[in-house]
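In: build the 3D model from these lines:
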Amino acid sequence: MRWLPLIALALLVGIAGGAPYGLGALTESGFRSVVHDYDREGRDWRLTNLDYERGYLNAVARYELRWRSGDGGEQVLPLVTRFNHGLTDVRAVTRLADGALESFSPLMPEGQEPRLRVEVGVGGSADIRMRIPRLEWGPETPVPALAGSSGEVAPVDLTGEWSRGNHHRLSMQWPGLSMDLGDARIEVGSVTLDHRLGPLGERLWQGESRLDVAALTVDPVLDDPIVAEDVRFRFRAGDEEGYLDASLEAVIGELRNAGRSFGRQALVLKADDLHAASLDHAVDSFMELRSAEADAGEGAGAQGQELMDRYTRLSRNLQTLSARGGRLSLEELLLTLPDGTVEGEGFLAYPRRPESEWEQPVSLLRHASAEGVLYVDRGMVWALPRVARRILGRLERENVVTPRDGRYHLDLRLDSMQLRVNDDRFEVPPLL
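Out: Numbering: from 1, shown residues only. This is a model prediction of the structure:
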């Protein structure tokens, strides 16, 4: 028995001594897996050319971030990540490789450089901190991409957390930037980000995301300045007993151009009591269909019957979603530009069917009800989606709608398979 303390001590020393090695091996495996997942042709950005050197207490990974530029070429940014392996956590700092850092050093105060710090615990959670120092340059800058321009970018400080299950939080307060590109001046003032989301199924997210920009100015040399003030983006989503409530809000408090104020601009959408799993399946099938259509357009991938199968899967998932009930609302649409105004509101609702009918084929419109009002100035028809422009053109040719004082007015109602557009009524085909 007198040897037990010594044996326990030896085990503790062995575990402590082996922990950094084990964490180092686990870190290398995980990092290689991440780079492998993002090193695929066809992506908008990739991680490539990984060189990983692992020691007992630390490791160095050298790799490249590649992304497509506007001219179709590929830009390359060399990066270096240094890992420190502790007993219970791993710390990592990512910085620009020396060659890339030298090219950007004229923009930054001496002794400062961009850094990304990540601390990962044994449980898999991570704390993230990114710091980009103040950047400033003039027309004579030696950085080729910025030659002939001048600008000032305030320091960027971003903090975040990531935990198992892909739950993440990001927050940032950034004073903004000012850039003179020669043919235009751009100013961004006071940006605030608060982003807290976690997955809900394969394609959906729940939580809250907020982005605020105090002011955005684009001042072209040969045109009048455009100023957007109090720009707000909000997203909220939550699941209760398997049903989703969500809202999306994009608002400009005031839009000004050429000395005129065009007031508030807004797009506000809501979803109430949608069956989360059915919506997730519908979104997944829609994304698969879009991907298959893109591949088919390039002469590869899904063709003919396979594409039809994906259309069928999407239709089936939408039917299941509608049978579970719910409501989609356009709470507010308001867009005012020099050409005129588009404004409207409306909803599409489905009553929840009996449980025995949830998996049965059902018409997407037979049980639906909808109401909506849309006003469109004739000069703003171009701002409508292409399908909406076609429908509006057909309704005008058939004298269902006519512009009065240069403005279209549509009062829409759907109930019991009958669609009313202003004073005209149409029977909806039963197959819909």
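In: so which helix or strand takes in Met287?
Out: Per DSSP states H and E, Met287 falls inside helix 276-297.
In: could you pull out the helices in this protein for me?
Out: All helices of the chain, identified by DSSP state H, fall at 4-37, 98-104, 276-297, 304-323, 386-397.
In: got the contact list for the last one?
Out: Pointing back at helix 386-397 there. Under the contact criterion C-beta atoms under 8 Å, 6 or more residues apart in numbering, helix 386-397 has outside partners Val376, Val381, Trp382, Leu384, Val401, Thr402, Pro403, Tyr408, Leu410, Val421. The way it works is simple: take the backbone N, C-alpha and C, and place the C-beta from them, glycine included.
In: nearest to Leu244, of these?
Out: Nearest to Leu244 out of the contacts of helix 386-397 is Leu384 (C-beta to C-beta; 28.0 Å).
In: I figured that closest one hits Tyr375, correct?
Out: No: using C-beta atoms under 8 Å, Leu384 is not in contact with Tyr375; the gap is 11.8 Å.
In: intersection of neighbour lists for these two?
Out: Common neighbours of Leu384 and Tyr375 (C-beta under 8 Å, 6+ apart) are Val342.
In: any low-confidence regions in the stretch 201-350 of the chain?
Out: 295-304 (pLDDT under 70).
In: what do you get if the cut-off is 50, keeping everything else the same?
Out: When residues are selected by pLDDT under 50, those of the stretch 201-350 of the chain lie in 301-302.
In: ok, which stretches of it are strands?
Out: Ranges of strands within the stretch 201-350 of the chain are 204-220, 226-240, 243-257, 260-261, 265-275, 326-337, 340-350, based on DSSP state E, counting those that start in this stretch.
In: quick one: residues contacting the nearest residue to Phe286 once chain neighbours are set aside.
Out: Leaving out its chain neighbours, the residue that sits closest to Phe286 by C-beta to C-beta, 6 or more residues apart in numbering is Leu314, at 5.6 Å. Neighbouring residues of Leu314 by C-beta under 8 Å, 6+ apart: Ala282, Ser285, Phe286, Leu289.
In: buried stuff in stretch 131-142?
Out: By neighbour count, and taking 16 or more other C-beta atoms under 10 Å as the criterion, the buried residues in stretch 131-142 are Ile132, Pro133, Leu135, Glu136, Trp137, Thr141.
In: identify, from these, the entry nearest to Leu248.
Out: Ile132 (28.9 Å).
In: doesn't Val156 make contact with that closest one?
Out: Yes: counting by C-beta under 8 Å, Ile132 does reach Val156; the two are 4.1 Å apart.
In: remind me which residues of the stretch 1-150 of the chain are low pLDDT?
Out: Within the stretch 1-150 of the chain, the segments meeting pLDDT under 50 span 1, 3-18.
In: go with 90
Out: The stretch 1-150 of the chain contains residues with pLDDT under 90 at 1-132, 135, 137-149.
In: residue contacts, Leu216?
Out: Residues in contact with Leu216 (C-beta under 8 Å, 6+ apart) are Glu187, Val188, Gly189, Val227, Ala228, Glu229, Val231.
In: if we use 7 Å, what do you get?
Out: The neighbours of Leu216, taking C-beta atoms under 7 Å, 6 or more residues apart in numbering as the test, are Val188, Ala228, Val231.
In: sweet, I'm off.
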